[in-house]
Every structure is written in structure tokens, then in C-alpha cells.
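K.L.:
Provided below are the primary sequence and the corresponding predicted coordinates.
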Amino acid sequence: MEDGLELAPTVEGPYSKIKFSRKRLTPWLFVAPCLIIILLVTIFPTIYSLGLSFTRWEIALPDKPFIGLGNYIQLFQDSRFTHSILVTAIVVVVGVSVELALGFGLAQTLVAEMRGKRIIVAALLLPVMVMPVVVGYTWRLLWDAQYGPINQIIGWIIGRPFHYTWLAKPPTAIFAILVTEIWQWTPFMFLVFLSGLSTLDPELFEAADIDGASGWEKFYHLTIPLMRPILIVAVLIRGLDALKFFDIIFTLTGGGPGNSTETISFYIYQTGYQFFRLGYGAAASFVLLIALVIILTYLLKLFRATSE
């Protein structure tokens, strides 16, 4: 009893229970179409491919015999597969490292206000806006031995005709791939780092100037520690994307000369869709997936440790 009024007890009947269950069910009804699509296009194919990786499914065989881990064992006995791992590692380690250094250097240079900064930034971002297939075919023309501008420019410098077949020799073919990859994706790193550097507190650097810190000391003791989470995220995104490197290989070298520039993704494509060894290709895909999960887990732990 409050102020002469008595609150009537609430009675929970069947209707209130039905209303409560509808309330809980409504959000699931909204997300159900999205969940169904995800199940159909990602989860179901993944589970099906996992089962396929334990079978020997080839176009010449009438059935698909179960062979257990046979495909996985054969993979690591295949020198072509291990070479594709090496090429992928070169692209990831060398390519992403150079992109990191160039992108950070450009961002450090352009973070300050200067005349024409907007035009320079817009020009630097153009390569990352171009589709990788277009980039691959464009650079294939640039590296052409007979009519490519790269050979012509080198010829002007040395004073005689220069016709070097860049894409016909394994070392220079990998070099051409790296240059093409770095040209396209350095702007991405630059944009991420420029955004990060723009958010740093200028008062910290002003205090360091008052204390007499040099440019290198400010860079090493302030810029790098403050930018470390952003550096890790940028490397995480680019590293995982580079592990799936396919488009430029397909258009620039086609995996050649021979199989010298095949990455894991290109190896899986050829095995599964050109030679129709679907079980073997599925096993190679899951090896790549496991590698991605391990690297992602390590980088996320590193990111959490840095953020704390």
C-alpha cells in the first residue's frame, strides 16, 4: 500500500508467454535470410571441400575413393607445391616489407601541410583503385622485351638498344612480380599510415622538441610506439591478402617460366580447375586455410599485447 493505492499483482498467463517468445524470435527472423545465404555460400562449401580433400576425385576416375590423409601427405612430397610456398613467402615477406617501408616513408613526408598535398595524395592513390587484372596486363606490356617502355628507358640510359626478357627468366620474373605488386599496394599502406599519423597528438612532439629530442629520437620513441597497433593491422591486412596472391601471377607470368613463379593460390587453381584433381586441390586449399588461421591468430595476439 502506497499513498492509499495498492498495486495489482501481475499475472503471467499463456498470452504473455507467447508475446515474450515472439519478442525473442523476431530478431532471428530478420537475420535468417543472411544466415541462410552464409550457410549456402560459405559454410556448406567449406565442409563439402573438407570431405572432398580426403578423397581421390579426378576426372579420369569413375568414382571417388576415400584415401584419408593421402592427399595431404602427397602435397608435402610434391616439390612443385613446396616451391609455390617459397614463392608465396617471398611475395609476402619482401613485398609487404617494402610496401610497409615505402608507405610509412611517404606518409611521414606528406603528413605535414604543404602546397599541392591533395593532388599528390590523390595521384598516389590511383594504383590501388585499378583492378589487379588490369594492373597485370598493363605491366606485362611495360616489361615486354621488344616494345616495353622499361627496356626502352634503360636503352636510352646506356646509349644502345636493350631487349631483356624480364618475364622469361625465374629471378627477373619474380622481381617483375614484386615491383608490380609493390607499385599497386604501397598506396594502401600509405593511406593507412597517413590516417594514423594525422591522429597523433602534436603536443607530445612539441614537448619532445622542448626537451631537445632529435628527429630520430622522436621517430623511434614516439612515432613508432604510438603507431605500432596501426602498423600491425596494416601488416595483418596486407599479409593475409598477399598469401592469396593470384591475379597478377595469372595475367603477368601465368606461373612461368615453367612453374617458377607459381604461388599457392595459382597452384591450387591449376591443380583443381585445369588438371581436375579436385580432391588434391581441396587438400591444398585447406593447407592454405590452416596457414592463414595460424598467422591471423599470432598477429591478433600481437595486436592485443600491443594495445594493452
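P.N.:
Great, that's in hand. Keep in mind the model is a prediction, meaning the values are calculated, not measured.

K.L.:
the helices in the stretch 151-300 of the chain, which residues?
P.N.:
Assigned by DSSP state H, counting those that start in this stretch, the stretch 151-300 of the chain shows helices spanning 170-198, 202-210, 215-218, 224-243, 247-248, 264-269, 278-307.

K.L.:
tell me the angle of the second one relative to helix 224-243?
P.N.:
Helix 202-210 runs at 120 degrees relative to helix 224-243, counting by axes from the mean of the first three to the mean of the last three C-alpha atoms, to 10 degrees.

K.L.:
nearest to residue 162, of the helices of the stretch 151-300 of the chain?
P.N.:
The closest of these to residue 162 is helix 170-198. By C-beta to C-beta, the value is 13.2 Å. The C-beta positions use only the backbone N, C-alpha and C, and glycine is treated the same way.

K.L.:
Now the closest one: buried residues?
P.N.:
If you call a residue buried by 16 or more other C-beta atoms under 10 Å, then helix 170-198 has these buried ones: 170, 173-174, 176-194, 196-197.

K.L.:
which intervals of this protein have sub-threshold pLDDT?
P.N.:
Scanning the chain for pLDDT under 70 picks out 1-22, 306-308.

K.L.:
thinking again about what came up before, how about JSON lines for the helices of the stretch 151-300 of the chain, with distance to residue 81 added?
P.N.:
Formatted as JSON lines, the helices of the stretch 151-300 of the chain follow (distance: least, C-beta to C-beta, whole Å):
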{"stretch": "helix 170-198", "distance to residue 81": "17"}
{"stretch": "helix 202-210", "distance to residue 81": "49"}
{"stretch": "helix 215-218", "distance to residue 81": "44"}
{"stretch": "helix 224-243", "distance to residue 81": "15"}
{"stretch": "helix 247-248", "distance to residue 81": "20"}
{"stretch": "helix 264-269", "distance to residue 81": "6"}
{"stretch": "helix 278-307", "distance to residue 81": "7"}
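
K.L.:
and of those helices, who's closest to residue 258?
P.N.:
Per C-beta to C-beta, nearest to residue 258 of the helices of the stretch 151-300 of the chain: helix 170-198, 7.7 Å.

K.L.:
For the stretch 1-150 of the chain, which segments count as helices?
P.N.:
Along the stretch 1-150 of the chain, the stretches classed as helices by DSSP H, counting those that start in this stretch are 14-38, 44-52, 70-75, 79-90, 96-110, 117-129, 132-142, 149-158.

K.L.:
closest one to residue 242 among those helices?
P.N.:
Of all the helices of the stretch 1-150 of the chain, helix 96-110 sits nearest to residue 242, with 5.7 Å by C-beta to C-beta.

K.L.:
by how many degrees do the closest one and helix 224-243 diverge?
P.N.:
140 degrees.

K.L.:
how about residue 148, phi and psi?
P.N.:
With angles defined as degrees, to the nearest 10, residue 148 sits at phi -70, psi 140.

K.L.:
and it, how many neighbours?
P.N.:
Neighbourhood size, residue 148 [other C-beta atoms under 10 Å]: 21.

K.L.:
Quickly note the distance from it to residue 174.
P.N.:
According to C-beta to C-beta, to the nearest Å, residue 148 stands 17 Å off from residue 174.

K.L.:
What of residue 124?
P.N.:
Counting by C-beta to C-beta, the gap from residue 124 to residue 174 is 25 Å.

K.L.:
One more: residue 229?
P.N.:
Distance from residue 229 to residue 174, by C-beta to C-beta: 32 Å.

K.L.:
try residue 96
P.N.:
15 Å.

K.L.:
What lies in contact with stretch 252-270?
P.N.:
With contacts defined as C-beta atoms under 8 Å, 6 or more residues apart in numbering, stretch 252-270 is touched by 80-81, 83-85, 87-88, 91, 136-137, 139-140, 143, 167-170, 173-174, 176-177, 180, 243-246, 249-250, 281, 284-285, 287-288.

K.L.:
7 Å - rerun?
P.N.:
If you take C-beta atoms under 7 Å, 6 or more residues apart in numbering as the criterion, stretch 252-270 is touched by 80-81, 83-85, 87-88, 91, 136, 139-140, 167-170, 173-174, 176-177, 180, 244-246, 249-250, 281, 284-285, 288.

K.L.:
and the residues you listed, which are buried?
P.N.:
Applying 16+ other C-beta under 10 Å to the contacts of stretch 252-270 flags 81, 83-85, 87-88, 91, 136, 139-140, 167, 170, 173-174, 176-177, 180, 245, 249-250, 281, 284-285, 288 as buried.

K.L.:
and the gap between the residue nearest the centre of the chain and residue 157?
P.N.:
Central residue of the chain (C-alpha atoms, centre = their mean): residue 241, 1.3 Å from the mean position. According to C-beta to C-beta, residue 241 and residue 157 sit 34 Å apart.
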